[in-house]
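Colleague: quick one: sequence and predicted model below, then my questions.
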Amino acid sequence: MPKASPSRALRHKPPADNLHRRNRYHHAPPDFDQLGRQYPEFAQCLTKVPSRRPTLDFRDPTKVRMLARALLKADFDLDVQIPAQSLCPMIPGRLDYIHCIEDLMGLCDPLQQGQVPVRGLDIGTGASCIYPLLACRLHSSWHFLATDTHLPSVDVARVNVARNGLSDRIAVTHSHDPNVKLPLDMTTASANRPRFDFCMCNPPYYRDEIEMADLQNAKPNLPPTTLPGQPHELMTQGGEQQFVTGLIDESWQARGVITWYTSLIGRSTTLAPLTQYLTALGMTNYAIAELCPSRTRRWVLIWTFGLQRIVSKVGEL
């Protein structure tokens with residue numbers, strides 16, 4: 001078999017309007033006034049001033065959670081419970097990661113955008129199970145295995161999946177070992193194709209509370225936020241760099257199981273060490289896609305052991 005030629009890391013910068021061209025909010029931002037008319041509970045969260053559009057205080061976690069629930073119901077017919085103590089997904093940004101995966105899958109095999117089933121693994125799905133739920137609403141042929149190490153979050157995620165009639169396409173499992181990212185005991189590859197077409201992950205960004213506070217204080221131009229999150233969602237030993245390094249190590253062992261490995265990256269300083277580590281291991285078929293759904297930038301690190309080439313359209317926002 002021919003070897004895949006090495007590729008350089010590709011950096012794709014979003015345009016001034018930030019969102020992916022297929023993101024439903026790219027040309028039509030959420031209309032708070034209309035959402036308020038549809039959902040009275042959300043209307044109570046809005047600040048209304050005569051002759052001006054209603055506004056939302058994004059520093060209030062309860063109001064942000066109500067916005068997420070209203071958008072999911074209005075735009076995707078998803079009824080999702082988001083526990084008060086859990087991270088609240090920002091829907092436009094979550095969509096951008098999914099659209100990046102779509103680009104990747106379209107390049108891998110155009111048929112997979114149609115009737116051929118696409119199988120994804122969501123590592124650390126959280127209580128909202130947001131990526132599998134959104135992706136399965138967007139694509140009727142997609143299926144997911146969603147994992148999490150936090151059993152209470154797994155229980156809520158299963159309820160969210162069942163409530164939305166997607167239990168036949170999304171399986172939520174509890175990962176007992178926090179040091180294991182890939183459920184290798186469940187992932188034997190067939191002779192014809194890998195078990196999963198891709199994996200996705202939104203890892204904890206910070207090493208500890210001190211680093212989290214220091215980094216948040218270093219962003220004076222960003223609006224203050226009091227959004228909650230449980231410790232396992234926000235912090236991990238060694239921060240996101242160590243977490244994704246572990247995922248890279250496991251991917252080497254599971255290289256016949258998943259076609260495309262991806263992970264969201266929250267800090268630009270993490271990118272160079274991770275790409276250097278990939279190169280040191282001889283894994284040169286990788287790319288970086290940049291997401292910027294708001295004033296906070298994120299990146300998606302992508303790598304594969306297959307012959308498929310990562311070309312410029314991947315992550316082209």
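Modeller: The structure has been received and is ready for your questions.

Colleague: shaky segments in the stretch 1-150 of the chain?
Modeller: 1-17, 107-115 (pLDDT under 70).

Colleague: and if we set it to 90?
Modeller: For the stretch 1-150 of the chain, applying pLDDT under 90 flags the ranges 1-22, 26-28, 48-54, 58-59, 85-87, 103-117.

Colleague: now do the strands in it.
Modeller: Along the stretch 1-150 of the chain, counting by DSSP state E, counting those that start in this stretch, strands occupy 11-12, 46-47, 55-56, 118-123, 142-148.

Colleague: list the contacts of the fourth one.
Modeller: If you take Cβ atoms under 8 Å, 6 or more residues apart in numbering as the criterion, strand 118-123 is touched by 101, 105, 112, 129, 131-132, 135, 139, 141-147, 181-183, 187, 195-201, 203, 247, 258, 263. Where you see a C-beta, it was placed from the backbone N, CA and C, and this is true even at glycine.

Colleague: tabulate the strands of the stretch 1-150 of the chain (TSV), appending distance to Leu274 and mean neighbour count.
Modeller: As requested, the strands of the stretch 1-150 of the chain are exported to TSV (distance: least, Cβ to Cβ, whole Å; neighbours: other Cβ atoms under 10 Å):
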stretch	distance to Leu274	mean neighbour count
strand 11-12	14	16
strand 46-47	41	14
strand 55-56	35	14
strand 118-123	16	24
strand 142-148	21	23
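
Colleague: what's the closest of those strands to Trp299?
Modeller: Among the strands of the stretch 1-150 of the chain, strand 11-12 comes nearest to Trp299, with 8.6 Å by Cβ to Cβ.

Colleague: circling back to that earlier point, could I get the strands of the stretch 1-150 of the chain as JSON lines with distance to Pro40?
Modeller: Formatted as JSON lines, the strands of the stretch 1-150 of the chain follow (distance: least, Cβ to Cβ, whole Å):
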{"stretch": "strand 11-12", "distance to Pro40": "41"}
{"stretch": "strand 46-47", "distance to Pro40": "11"}
{"stretch": "strand 55-56", "distance to Pro40": "15"}
{"stretch": "strand 118-123", "distance to Pro40": "32"}
{"stretch": "strand 142-148", "distance to Pro40": "32"}
